[in-house]
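Q: coordinates for the following, if possible.
(one chain, ligands or ions: 1)
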Amino acid sequence: MFIHGEWLSADSGEVFQSTNPATGKVLGQVASGSRSDTRKAIDSAAEAFSVWSKLTVYERAEFLYRAHSLMMAEQDSLAVVMTEEQGKPLAASRNEVKYAADFLLWFAEEAKRIYGRTIPSARTDQRFFAIQQPVGVVGAITPWNYPISMITRKVAPALAAGCTIVLKPAEFTPLCAKAVFEIFAKAGFPPGVANLVTAADPEPVGAELLSDSRVRKLTFTGSTEVGRMLSQEAGKRLKRVSLELGGHAPFIVCPDADPVHAAKGLTLVKFLNTGQACISPNRIFVHSDIAEPFLQELTARVKALKAGSGFEPGVKIGPLVSKGELEKNENQVQDAVEKGARLLAGGCRLMEDGLENGYFFAPTIIRDVTPSMLIYRQETFGPIAPVIIYDDSDDVLSMANDTDYGLAAYVYTKELKTAFRFFENLNFGIIGINDINPTSAAAPFGGMKDSGLGREGATEGILEYLETKLGGFSV
Ligand code: NAD
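A: Modelled structure (predicted):
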């Protein structure tokens, strides 16, 4: 753990192991923190806040620039740690490190635009000024699927705004978190500004972050179930919360779209990170006029995807993170097939050529998916493309919106009018129109409904760490 600028063991002396999900091999071990360790980290963050929040934004930005340069200089070594621990192909890991570093640079700049406002008063002898001040100590909890960028997407805006932070990473990817904090250590942030508490059991760390009144904000990325529970607890103490939760993205292919182009786009976005992405398409609606050429192209592309270790050239499909995730994928396919869906590719665990040691699931396509099937509503988080063939262009909008989630949606069309109709009427926070990668440090990322509260990245991302203070001056 990294607390008050020092690498520490847990008070209990306990450790836990991190393993490679492609091979099952142990990669290393880290401290397993608990409530007292978390309290120590909060003590440090609270002490550091009084100094860090008083630096000028230009001074704070210098630390973030240094962290950005160091992260880019270590892009290759960080990518290796990520591929080993999380399993994504090495090229995708390199892309993620770049995306992670982008947040450090972007928020170093954005902090300089925390302007505040002057507001005209109805009284001649009164002046109003609204300023933005950092909320205080932030508690952050991050997931394993994007184990480096989900850390900087929180740490960069929080620190840029003048907050200090205590971060707990996912128990599947503590070595990635450790590697990021080694960069923060080298960047020379003052002790206590950024603290890391690794833990095998997240519950006591979360409980301490929620119960300590000095922690003014909780920022969480992970499942809707855990996010809802943490938010209820935070609500009891009126802590501010930001929640980036699960998704169930529709991918709509309109009758005027190019089916080959759409199938190519779907293959790239659906199987990215083996489907373990919150913005992964989870219901693919294809118009019946172009369904056959679309499915033909999709099937050919999916059957060509190579599964294996992320270090092997040409591999596009890495392992799932755990046995539990593997079973969830198997269960969704089995349920769909039993209820009448047809399998076009994959459908089972991969158990040959050494893959039996990892949690590999074959890239899968199922067609004729209906609302009665589990996969129609449950987030898959795996390499399964469920296809629904539709006829009525009016119906597809309400079908796409018929989910409790509201994170991302995708539309393929050549018609401007159709594009705007979907952009304006889909109830999701991020809409990709003929675009499978609508993400950037400069763009607001986040969901509606059960997909969360608040936004990360962009101007919105720094506002999450600021309080508005009004000054009324009688002159
Ligand atoms: P998860 O909710 O199981 O875990 C996320 C984090 O919460 C981990 O650090 C975990 O240790 C911690 N956690 C779990 N129980 C806790 C508790 N009782 N108290 C405190 N912390 C606790 O989710 P996951 O399986 O790691 O991640 C997958 C989920 O994350 C998916 O639903 C995915 O859609 C979502 N996700 C969302 C985004 C987004 O930006 N919206 C990005 C990535 C992942």
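Q: from now on I want contacts and neighbour counts done on CA atoms only, so please keep to that.
A: Noted.
Q: residue of the stretch 1-150 of the chain with the smallest distance to the ligand?
A: Pro143 (3.9 Å; CA to the nearest ligand atom).
Q: what residues does the stretch 1-150 of the chain have near the ligand?
A: Contact residues, the stretch 1-150 of the chain versus the ligand (CA under 6 Å from any ligand atom): Ile141, Thr142, Pro143, Trp144.
Q: hmm, which two among those are most spread apart?
A: Using CA to CA, the two most remote members of these are Ile141 and Trp144, lying 10.4 Å apart.
Q: what do the two both touch?
A: Pro169, Ala170 (CA atoms under 8 Å, 6 or more residues apart in numbering).
Q: before we move on, back to that, of all the residues of the stretch 1-150 of the chain next to the ligand, which comes closest to Ala48?
A: Nearest to Ala48 out of these is Ile141 (CA to CA; 19.9 Å).
Q: these two touch, right, Ala408 and Ile430?
A: Yes. At 4.6 Å, Ala408 counts as touching Ile430 under the criterion of CA atoms under 8 Å.
Q: just to revisit the earlier point, pretty sure the residue of the stretch 1-150 of the chain closest to the ligand is in contact with Thr221, am I right?
A: Yes. The criterion here is CA under 8 Å, and Pro143 meets it with Thr221 at 6.0 Å.
Q: shared neighbours, these two?
A: Common neighbours of Pro143 and Thr221 (CA under 8 Å, 6+ apart) are Met150.
Q: look at the two and report which has more neighbours.
A: Between Pro143 and Thr221, counted using other CA atoms under 10 Å, Thr221 has the larger neighbour count: 24 against 20.
Q: helix, strand or coil: sort out the residue lying closest to Ser12 once chain neighbours are set aside for me.
A: Spatially, and ignoring its direct neighbours in sequence, Ser12 is nearest to Gly33 (7.7 Å; CA to CA, 6 or more residues apart in numbering). Assigned with DSSP: H, G, I helix; E, B strand; the rest coil, Gly33 falls in the coil class.
Q: now the residue of the stretch 1-150 of the chain closest to the ligand: which helix or strand?
A: Counting by DSSP states H and E, no helix or strand carries Pro143.
Q: who touches it in this structure?
A: The contact partners of Pro143, by CA under 8 Å, 6+ apart, come to Met150, Pro169, Ala170, Thr221, Gly222.
Q: what is the strand or helix carrying the first one packed up against?
A: Translated: Met150. Using DSSP H and E, the element containing Met150 is helix 149-161. When contacts are defined as 3 or more CA pairs under 8 Å, 6 or more residues apart in numbering; DSSP states H and E, helix 149-161 sits against helix 57-73, helix 90-110, strand 164-168, helix 458-463.
Q: for Phe251, which of the ones you listed is the nearest?
A: Per CA to CA, nearest to Phe251 of those: helix 90-110, 22.0 Å.
Q: in that closest one, which residues are buried?
A: Residues 90-94, 96-110 are the ones in helix 90-110 that count as buried (16 or more other CA atoms under 10 Å).
Q: kindly report the same for stretch 254-269.
A: 254-255, 257-260, 262-263, 265-269.
Q: other residues contacting it?
A: Residues contacting stretch 254-269 (CA under 8 Å, 6+ apart): 251, 253, 275, 280-281, 286-291, 293-295, 297-298, 301-302, 393, 411-415, 434-437.
Q: give me the buried subset of the residues you listed.
A: Among these, those classed as buried by 16+ other CA under 10 Å are 251, 253, 275, 280-281, 286-288, 290-291, 294-295, 297-298, 302, 411-413, 434, 436.
Q: check the gap between Ser231 and Glu225 for me.
A: Here Ser231 is placed at a distance of 10 Å from Glu225 (CA to CA, to the nearest Å).
Q: more neighbours: which of the two?
A: Ser231 (21 against 11).
Q: leaving out sequence neighbours, find the closest residue to His248.
A: Using CA to CA, 6+ apart and skipping the chain neighbours, the partner closest in space to His248 is Asn282 (5.1 Å).
Q: helix or strand: which one has that neighbour?
A: Here Asn282 sits within strand 281-287, counting by DSSP H and E.
Q: could you give the angle of the helix or strand following that strand to strand 281-287?
A: Per DSSP H and E, strand 281-287 leads on to helix 291-303 as the next helix or strand towards the C-terminus. On the basis of axes from the mean of the first three to the mean of the last three CA atoms, to 10 degrees, helix 291-303 is oriented at 150 degrees to strand 281-287.
Q: so for helix 291-303, what's the average pLDDT?
A: Regarding helix 291-303, the rounded mean pLDDT is 98.
Q: partner strands of the helix or strand following it, with direction?
A: Per DSSP H and E, the first helix or strand lying C-terminal to helix 291-303 is strand 306-307. Looking at strand 306-307 with DSSP bridges, its partner strands are strand 315-317 (parallel).
Q: so where do the strands sit in the stretch 101-250 of the chain?
A: Along the stretch 101-250 of the chain, counting by DSSP state E, counting those that start in this stretch, strands occupy 117-119, 126-134, 137-141, 164-168, 194-196, 215-221, 240-244, 249-253.
Q: pretty sure Lys316 contacts Lys306?
A: Yes. Using CA under 8 Å, Lys316 is in contact with Lys306, at 5.6 Å.
Q: give me the more crowded residue out of those two.
A: Using other CA under 10 Å, the more surrounded residue of Lys316 and Lys306 is Lys316, with 24 against 16.
Q: what pLDDT does the model give the more buried one?
A: The model's pLDDT for Lys316 equals 97.
Q: pLDDT-wise, which helix or strand of the chain ranks last?
A: Across the helices and strands of the chain, mean confidence by mean pLDDT, DSSP states H and E is lowest for helix 393-401: a mean of 95.
Q: how many neighbours does the residue in the stretch 251-400 of the chain positioned nearest to the ligand have?
A: With CA to the nearest ligand atom as the measure, Cys278 is the residue of the stretch 251-400 of the chain nearest to the ligand, at 3.5 Å. A count of nearby residues for Cys278, using other CA under 10 Å, gives 25.
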